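> pasting the structure only:
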């Protein structure tokens, strides 16, 4: 079986081929309820339609942009406009309507933009300020919403509970049983009258309705959980200026006229126009299909919703929102076709298909044997041409039993149990600060053998502060405010001025006034730490920014590992400032400011001294940054790149970023779970090693290497060092991608990778599980990830791994339980039909058993919360068999016991219990049914642990399990004692109840004994 479904029912956790997705669908020939079974699989036909629509839309937009670009070249001057403002727009206080704004931005229509007075004119007509943004007067905002709409896309309506009821009724076997019930009802009423003749038919109808409503309730709850998770996935916040204050806001609250601040990795949240910024490169491939990024400037100021900022930063003014944007229209025309199905879903579809075919064969043979027994009896009596109503009902009962064998034998619930378990786990993981974007990631994380983690913000707190500095060759500790002021008094004035100019101008951060009137620093933790240091030196951010004019900005990125700006000085002349990785910036310097504030050449002794300082800071686990500047010649053009040599070193700062509490313990948990943790960081190697030792990642026999050295290695050398590689410092995104690729393909590891930057997207995409940071991560990184770690904490990644293992093992428990019921129900009914000519379990009874093992069994076993013991086992890895030898041992052993007991009851039961009289058969069949159900109930408890003997550990922590088990027992008592006329049962004596329960309980010590057999 394992090899069959490995060949036919194998898909990848990510990026499965269309061929693989089609292959397993074709093999699922016999499916009872396709609507339910394939609800959580990708709709390939809709996906093809969506792709075709996307291509059409992309082509339309691309042509529109090209045509408008060509037209720009022929525009001579600005012609007066014939545009008239609609009356309702005028009455609301605006000078332009949404349609006109949409046509300007969508059509890249510079001519129209100029007619309306450019960006400033549009701002005026939208009653906004490019400096202070919108005013937050609620009446004005409401009028704006009425005229221009809200920034939300049309979504498909959620399905009601009745839709799930209707889908549950689509089960082919339930429909056939429904027809049987109807015929049974008619024949019974004709033969025996109302109400006695209706009991059998009504019993089947009641059972069908119970199955349908329990199934629909379970499915509806799942759909609500997925809906909640979808809402969480769509929560995106953006920096906006309103009322002169910078604040974080949901993109769904944006309105035309809002001033939005964009940085590298952000997704443009609405259509708009560029207000100000530097080096803005926009990736429009999601809209136009063009891979070449577009430079956005004052000359080409159009920004389209759904595109991504590839480089630079800017302010944009929102012009069009929601369904009026091109992205909104595109989203409305697309029906995504759903996520790819997960590997476990496909594997279990394979198991269900194989067992379904076996079940169908047994059902047909059982029906044939039962009919043959009836026909033989009639032949002997000579009445085969004459049929009584009782015989017709008997034939109908045979058919109903055969159909019900199919109901029980085809484990339709297997693939759906995966979805149930994943939905439960995803909801719980959300509470544990992990947002799962793709279902498959949940189960893949349980198999992970390696985690490649960032350092900053994941292993460390990301709350940075400058604690040491070496300015003008003067090393000083500056962790307290008094230290900074004393440093200021020790440094020459000229050096302090140049230092503050560098800190306040060469930054991606800002000092702003918040709603409460207090100063607040915005920006990355590194920028924030430097700005705080500048303020503690007595600097004034706004005064410093107004003195010089910013001409060019080259933002920091993880490839260059530096940031640069060009300033126009008030006294004339240009100056470039550079900051970044210490050794990289120091290598660009040929001069240094000495203790007297003089600029002196950088000799070998000074270089060695500064390198020693850098290493000393790094060995203390400090992040080091070097600051430098240079005077530029008058011939420098802002079109040219900022020079990379000839700088004067201002100094080096050491930034403390403490290790997160609990990281060391989490790394130790990973090690005991067989998961290797590797640190991949852009920091200095000594800083990385110091932090890695503190976290317990770097061991005595582990290797730490720098990215440039790693990428120079041959493939053979790489494969030798990667197994022992624990730290990679000064790594580029490409190094991370190379490492992940080798770990996956050459070493067969299941790799989880963390990332936060735009450049991490390829590694996140390549990894088995991409983990993006929720706080520090860019939108581009989050979009490429499978799981978003909402608190950026490494301990949360370990929690995700624990939940992943829990999902995998819970499904294994459920499969073990369900296959046991399948095997026993099949063999008991088949063998009984063959040997005695009757089936001990009726259609109604089998439907109840089906519900115990399917919907209720999945609820009980697939929702077991994780325990700490899960992280003491070795990972499954890439090649692990899903139905393991341990499972087969438990399934076959338990099935053999149940079959022997039920067969013994059937053949010797009357003698054992001393049953006589006309009701003896009914009492015996009730006993068999009761014993069989209690065998399943106690087997459900035994299935909580596949290898451990103590199955009661933590049972009360899983309230779902306790509730399902209690409901099953209570309903079983009701069926036996009160619903006999419908379920073909009769009330039992206390002794008979005790024996039934004892037979079921005996399965538990047998299960414990089986677990002691080594496999």
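Done, it's in. Note that this is a predicted model, so its numbers are computed, not measured.
> all strands for the stretch 601-750 of the chain, in order.
Taking DSSP state E, counting those that start in this stretch, the strands of the stretch 601-750 of the chain run over residues 622-632, 647-656, 676-680, 703-706, 725-729.
> so which of those gets nearest residue 949?
When those are compared by C-beta to C-beta, strand 676-680 sits nearest residue 949, at 31.3 Å. (Glycine included, C-beta is placed from N, CA and C.)
> what angle do that closest one and strand 725-729 make?
Interaxial angle, strand 676-680 versus strand 725-729 (axes from the mean of the first three to the mean of the last three C-alpha atoms, to 10 degrees): 20 degrees.
> packing partners for strand 676-680?
Secondary-structure packing of strand 676-680 (3 or more C-beta pairs under 8 Å, 6 or more residues apart in numbering; DSSP states H and E): strand 450-453, helix 663-672, helix 685-695, strand 725-729, helix 733-745.
> got a list of what the residue of the chain positioned farthest from its centre touches?
What lies farthest from the middle of the chain is residue 382; by C-alpha atoms, centre = their mean that is 68.8 Å. By C-beta atoms under 8 Å, 6 or more residues apart in numbering, the contact set of residue 382 is empty.
> Put together JSON lines for the strands of the stretch 601-750 of the chain, with mean neighbour count on each row.
Listed next are the strands of the stretch 601-750 of the chain as JSON lines, based on neighbours: other C-beta atoms under 10 Å:
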{"stretch": "strand 622-632", "mean neighbour count": "23"}
{"stretch": "strand 647-656", "mean neighbour count": "24"}
{"stretch": "strand 676-680", "mean neighbour count": "24"}
{"stretch": "strand 703-706", "mean neighbour count": "18"}
{"stretch": "strand 725-729", "mean neighbour count": "23"}
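> so can I have a markdown table of these showing mean pLDDT and distance to residue 805?
Shown next, in a markdown table, are the strands of the stretch 601-750 of the chain (pLDDT from 0 to 100; distance: least, C-beta to C-beta, whole Å):
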| stretch | mean pLDDT | distance to residue 805 |
| --- | --- | --- |
| strand 622-632 | 93 | 34 |
| strand 647-656 | 94 | 35 |
| strand 676-680 | 93 | 16 |
| strand 703-706 | 93 | 28 |
| strand 725-729 | 94 | 23 |
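> Tabulate the helices and strands packed on strand 676-680 in CSV, adding columns for distance to residue 161.
As requested, the helices and strands packed on strand 676-680 are arranged in CSV below (distance: least, C-beta to C-beta, whole Å):
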stretch, distance to residue 161
strand 450-453, 41
helix 663-672, 41
helix 685-695, 49
strand 725-729, 52
helix 733-745, 43
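> Of the ones you listed, flag the one that's most buried.
strand 450-453 (a mean of 25; mean count of other C-beta atoms under 10 Å).
> Just the residues contacting the following helix or strand past it, thanks.
Using DSSP states H and E, the next helix or strand after strand 450-453 towards the C-terminus is strand 465-471. Identification of contacts with strand 465-471 by C-beta under 8 Å, 6+ apart yields 475-479, 487, 491, 495, 499, 529-530, 532-533, 593, 610, 613, 617, 620, 622, 650-656.
> again with stretch 99-106
Residues contacting stretch 99-106 (C-beta under 8 Å, 6+ apart): 61, 64, 83, 109, 112-113, 116, 122, 148, 256, 271-273, 302-304, 319-320, 324-326.
> what mean pLDDT does it have?
Averaging pLDDT along stretch 99-106 yields 87.
> what's the residue nearest to residue 789 when sequence neighbours are not counted in contact with, if anything?
Among residues not flanking residue 789 along the chain, residue 796 sits closest, at 5.0 Å (C-beta to C-beta, 6 or more residues apart in numbering). Contact partners of residue 796, counting by C-beta under 8 Å, 6+ apart, are 432, 433, 434, 789, 790.
> Name the helix or strand for residue 796, please.
helix 794-836.
> what's the offset of that helix from the middle of its chain?
Taking C-alpha atoms, centre = their mean, to the nearest Å, the mean C-alpha location of helix 794-836 is offset from the chain mean by 25 Å.
> Just the angle for that helix relative to strand 676-680, thanks.
Taking the same axes, to 10 degrees, one finds helix 794-836 and strand 676-680 inclined to each other by 140 degrees.
> Surely residue 350 is within a helix?
Yes - per DSSP: H, G, I helix; E, B strand; the rest coil, residue 350 lies within a helix segment.
> what about it, how many neighbours?
25 (other C-beta atoms under 10 Å).
> So it versus residue 419, what's the distance?
16 Å (C-beta to C-beta, to the nearest Å).
> Could you list the low-confidence segments of the stretch 401-550 of the chain?
410, 412-413 (pLDDT under 70).
> all strands in it, in order from the N-terminus.
434-436, 450-453, 465-471, 474-477, 510-513, 519-522, 549-554.
> how about those strands, which one is nearest residue 243?
strand 510-513 (10.8 Å).
> Show me which parts of the closest one are buried, residue by residue.
510, 511, 512 (16 or more other C-beta atoms under 10 Å).
> helices or strands next to that strand in the packing?
Strand 510-513 packs on strand 245-250, strand 519-522, helix 541-547, going by 3+ C-beta pairs under 8 Å, 6+ apart.
> Redo the ones you listed as a markdown table? Include distance to residue 908 and mean neighbour count.
Formatted as a markdown table, the helices and strands packed on strand 510-513 follow (distance: least, C-beta to C-beta, whole Å; neighbours: other C-beta atoms under 10 Å):
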| stretch | distance to residue 908 | mean neighbour count |
| --- | --- | --- |
| strand 245-250 | 71 | 15 |
| strand 519-522 | 82 | 16 |
| helix 541-547 | 92 | 15 |
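> can you tell me which of those comes nearest to residue 910?
strand 245-250 (71.8 Å).
> Parallel or antiparallel, which strands does the closest one pair with?
Here strand 245-250 has these sheet partners by DSSP bridges: strand 237-242 (antiparallel).
> what number of residues lie near residue 616?
Counted with other C-beta under 10 Å, the neighbours of residue 616 add up to 16.
> Just want to check the distance between it and residue 654.
9 Å.
> Could you do residue 609 as well?
For residue 609, the distance to residue 654 - C-beta to C-beta - is 15 Å.
> Throw the strands of the stretch 601-750 of the chain into a markdown table and include distance to residue 1004, thanks.
Output for these, formatted as a markdown table (distance: least, C-beta to C-beta, whole Å):
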| stretch | distance to residue 1004 |
| --- | --- |
| strand 622-632 | 58 |
| strand 647-656 | 57 |
| strand 676-680 | 39 |
| strand 703-706 | 50 |
| strand 725-729 | 46 |
